[in-house]
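Colleague: pasting the structure only:
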C-alpha cells in the first residue's frame, strides 16, 4: 500500500502560514531535501485553498508551482470547486473513501501538500502514514496551526532528522495510527 506523507514547512511555534495567509518566512535558498523527496512520490493530495495558492504562484512563475517538482497526479479535495486544471482530479464526494482507494492503488507514495482542513480530516481517519516537517527557525506568534484538535493520541517514530546551516531542521516521523487517547 502507498504511504501518504504530509510534507510541509512549519514554524517552530507550529504555524503553516501567517495570520494573513503569508508564507514569506519559508526558506527558498536551497532545496532542503525536496528533490530527493520528489523521487519517492508520484501523486499529490491538495486542498482547495492550497490548490488556489499554488495555481496563482504557477501563473506568476511560468507554470512552475514548486521549483524542480516533477509531473504528478494531482487530487484536489474541494466541495466548492467545480473544475480544476487539466490532468488534475477533483475529489468532491466521498473524499475519504476515495483517498483510501487511491492509497491502495499501485504507485509511489503520495504527498499530502496541504492544507490544514484536509490534513485534519485525513489525520482523524488515520490515513496519514508519515510526517516530513521542515521546521523553520522563526516564531510567527499567530497564523494557521498545522494540527487541529485530534480525536486520538498517536505515537510517532523518528525516521530521520537533518539540521541545515540556516537553522532549518528537517524531521521525518512515521505515525502509529493504532494509539488511543
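Modeller: Now that the structure is in, tell me what you want to look at. Just so it is clear, the model here is predicted, and its values are computed rather than measured.

Colleague: Please identify the helix or strand for residue 43.
Modeller: According to DSSP states H and E, residue 43 maps onto strand 41-47.

Colleague: Return the list of strands paired to that strand, each annotated with direction.
Modeller: Looking at strand 41-47 with DSSP bridges, its partner strands are strand 73-77 (parallel), strand 109-114 (parallel).

Colleague: so which of the ones you listed is the most packed in?
Modeller: Among these, ranked by average contacts under mean count of other C-beta atoms under 10 Å, first place goes to strand 109-114 (a mean of 25). (C-beta placed from N, C-alpha, C; glycine too.)

Colleague: now that strand: how far from the chain's centre is it?
Modeller: Chain-centre distance of strand 109-114: 5 Å, with C-alpha atoms, centre = their mean, to the nearest Å.

Colleague: Do you have the strands of this protein handy? List them.
Modeller: Along the chain, counting by DSSP state E, strands occupy 4-11, 15-17, 41-47, 73-77, 89-91, 109-114, 130-136, 144-145, 155-163, 169-176.

Colleague: State the distance from the nearest residue to residue 96 once chain neighbours are set aside to residue 34.
Modeller: Distance criterion C-beta to C-beta, 6 or more residues apart in numbering; nearest residue to residue 96, sequence neighbours excluded, is residue 125 at 5.4 Å. Taking C-beta to C-beta, to the nearest Å as the measure, residue 125 falls 26 Å from residue 34.
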